[in-house]
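[1] Structure, please.
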Amino acid sequence: MTRDTLNIGLFGFGCVGKGLYDVLEHTQGLKATIKTIVVKHPGKTRALPPERFSYDPKLILEDDSINVVVELIDDADAAFSIVREALTRGKAVVSANKKMIAEHFNELLELQRIHNVPLLYEGAACASIPVIRNLEEYYDNDLLTSLEGIVNGSTNYILSKMHTLGQDYAGALSEAQALGFAESDPALDVNGDDARYKLSLLAAHAFGIFVRPEDIFRYGISSIGQEDIRYAREKGLKIKLLAHAKKAPEGLQLYVIPHFIPAGHKLHGIDEEYNGVLVEGVFSDKQFFSGKGAGAYPTASAVLSDLSALTYQYRYEYKKMGRERAGDTAQAASAYDADPLIRIYCRYPAAPEHNHSALFASVEESYSSQAFNYLSGTIRLGDLHRSGLCEDREVFLSVLN
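    Numbers count the residues shown, from 1 in each chain. Here you go, the predicted model:
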């Protein structure tokens, strides 16, 4: 069977899996059929009859008539086992599992090379925004200098509700979970891990340098408070969790951390579950991408695009890693090889023992009250990482642009 006719084995029928099923039902022109759906929990109520579901991965992996495996489960370890087996058996794979792909990036490159089959994962980055495809194709010969953006719809939804409606963090998070934008365990989103998995993948396609997620600095939004929102409002700013990648003489700067975004900035108006990505190149200058970054149908639309691409034998070439390197161990780097000096706002408890000014290279502004203190100034990323501030639940940090 050629891949102009897609016989699909689908793993997972949660939010995105059900979204893909619906999208395929309403898509004209794509020769694609979901033959088998494998799920984990037999007793769970689902939108399709029970006989549509199977529970043994072998029914997909060992079926030679299935030429495409779509992996949409939330267990990264199980997902890697499925994807590895599928690629080994010569099946094309589409996945939206950014954690699995980022944690096994080099192994997956090698499997694609050895077995000469594609793995596509547009839905793993920014849901409905075709960022990876553009980095691979449109910018394949452009020298990119920076990439930054809002790449996590869950945290953006929470921050938007706190800013526009005055909701507290817990209430906004609960609403995001009820709408399916955040998981029942939201730690990966609110701690910044989801964003750094995505940043690891985007940087590989943008710059040809793979940085392991655990080597990328990340700081999330879980300690944000109303005083931080008030500070932003008073200064005409919004707080957004940004993933940042920039080429510098010292190396590639990579980090995920909240930023204060001024009015007029492209990302200032990106609210709720939307994502926005700014790309800058030597020749192309600045380009801006925006679209829904969370939800069943936006992510399913990216999976659908990958399926369509398979019908004309599309695959990532990893051009910026060098064609001779695609499939070999990608270049390794640490986010601290380039140790940028960044401007930081630091809000901390009103207590003498919490004076953090000594950690900063310079202090620009400080404020003290009975309720809380804050200071702003410059600090090296590596010093911030080592300072212990990021682990202090009574502290909130945000970059000042």
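
[2] Could I get the full set of helices for the stretch 101-250 of the chain?
    105-115, 131-137, 153-165, 169-178, 187-190, 193-207, 226-234 (DSSP state H, counting those that start in this stretch).

[3] The last one versus helix 169-178: what angle between them?
    Spelled out, it's helix 226-234. Following axes from the mean of the first three to the mean of the last three C-alpha atoms, to 10 degrees, one obtains 90 degrees for the angle between helix 226-234 and helix 169-178.

[4] so where's this protein uncertain?
    Residues of the chain meeting the criterion pLDDT under 70: 1-3, 322-337, 351-354.

[5] If we use 80, what do you get?
    Residues of the chain that meet the criterion pLDDT under 80 lie in 1-4, 141-142, 183-184, 322-338, 350-355.

[6] Contact partners for the residue nearest the centre of it?
    Central residue of the chain (C-alpha atoms, centre = their mean): Lys198, 3.2 Å from the mean position. Lys198 makes contact with Lys98, Ala102, Ala124, Ala125, Cys126, Val151, Asn152, Ala243, according to C-beta atoms under 8 Å, 6 or more residues apart in numbering. C-betas here are computed from N, CA, C, even on glycine.

[7] Val69: which of those is nearest?
    Nearest to Val69 among those, counting by C-beta to C-beta, is Ala124 at 14.9 Å.

[8] what about the closest residue to the closest one other than its chain neighbours, how many residues close to it?
    Of all residues not flanking Ala124 in the chain, Lys98 sits nearest, at 3.9 Å (C-beta to C-beta, 6 or more residues apart in numbering). Here the count is done by other C-beta atoms under 10 Å, and Lys98 has 27 residues near it.

[9] go on, Phe289?
    Close neighbours of Phe289, defined as other C-beta under 10 Å, add up to 17.

[10] thought it was touching Gly276?
    Yes: counting by C-beta atoms under 8 Å, Gly276 is a contact partner of Phe289 at 6.9 Å.

[11] if we can go back for a sec, let me have the contacts of Lys198 in a markdown table, extended by distance to Tyr139.
    Below are the contacts of Lys198 laid out as a markdown table (distance: C-beta to C-beta, whole Å):
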| residue | distance to Tyr139 |
| --- | --- |
| Lys98 | 20 |
| Ala102 | 20 |
| Ala124 | 18 |
| Ala125 | 14 |
| Cys126 | 15 |
| Val151 | 17 |
| Asn152 | 22 |
| Ala243 | 17 |
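
[12] Quickly name whichever of these is closest to Ser222.
    Nearest to Ser222 among the contacts of Lys198 is Asn152, at 12.8 Å by C-beta to C-beta.

[13] Provide a list of residues in contact with the closest one.
    Neighbour list for Asn152: Asp189, Gly192, Asp194, Ala195, Lys198, Leu241, Asn275, Gly293, Ala294 [criterion: C-beta under 8 Å, 6+ apart].

[14] distance of the nearest residue to it once chain neighbours are set aside from Glu25?
    Leaving aside its sequence neighbours, Asn152 sits nearest to Ala195 (C-beta to C-beta, 6+ apart; 4.7 Å). According to C-beta to C-beta, to the nearest Å, Ala195 and Glu25 sit 32 Å apart.

[15] Report the set of residues contacting both of Phe289 and Gly276.
    Common neighbours of Phe289 and Gly276, using C-beta under 8 Å, 6+ apart, are Gly149.

[16] Pick the one among the contacts of Asn152 closest to Ile379.
    Nearest to Ile379 among the contacts of Asn152, with distances taken as C-beta to C-beta, is Gly192, at 17.7 Å.

[17] Please name the residues that touch the closest one.
    With contact set as C-beta under 8 Å, 6+ apart, Gly192 has these partners: Asn152, Arg218, Tyr219, Gly220, Ile221, Leu241, Val256, Ile257.

[18] What of Gly281?
    Tyr139, Asp142, Leu143, Leu144, Thr145, Gln287.

[19] Please report how far His163 lies from Leu400.
    Distance of His163 to Leu400, given as C-beta to C-beta: 17 Å.

[20] From Ser376, how far out is Ile82?
    Ile82 sits 47 Å away from Ser376, going by C-beta to C-beta.

[21] More neighbours: the two, which one.
    Ile82 (25 against 20).

[22] Am I right that the more buried one sits in a strand?
    No: assessed with DSSP: H, G, I helix; E, B strand; the rest coil, Ile82 is helix; it does not lie in a strand.

[23] If you count neighbours, what's buried in stretch 392-401?
    Asp392, Val395, Phe396, Leu397, Ser398, Val399, Leu400 (16 or more other C-beta atoms under 10 Å).

[24] quick one: Leu159 from Pro118, how far?
    Using C-beta to C-beta, Leu159 is found at 36 Å from Pro118.

[25] Of the two, which one has the most company?
    Counted by other C-beta under 10 Å, Leu159 and Pro118 do not tie: Leu159 has more neighbours, with 24 against 20.

[26] Give me the spatial nearest neighbour of the more buried one, chain neighbours excluded.
    Nearest to Leu159 is Ile239, by C-beta to C-beta, 6+ apart, at 5.5 Å.

[27] List the contacts of that neighbour.
    So Ile239 contacts Leu159, His163, Ile221, Ile224, Asp228, Ile229, Ala232, Pro258, His259, Phe260, Ile261, Ser398 (C-beta under 8 Å, 6+ apart).

[28] if you set the cut-off to 6 Å instead, what comes out?
    Counting by C-beta atoms under 6 Å, 6 or more residues apart in numbering, Ile239 touches Leu159, Ala232, Pro258, Ser398.

[29] again with Ile270
    Counting by C-beta under 6 Å, 6+ apart, Ile270 makes contact with Ile150, Gly276.

[30] and it, that's in a helix?
    No: using three-state DSSP, the assignment for Ile270 is coil, not a helix.

[31] That one and Ser398, how far apart?
    In this view, Ile270 and Ser398 are 16 Å apart by C-beta to C-beta.

[32] if we can go back for a sec, highest neighbour count among the contacts of Gly192?
    Asn152 (33 neighbours).
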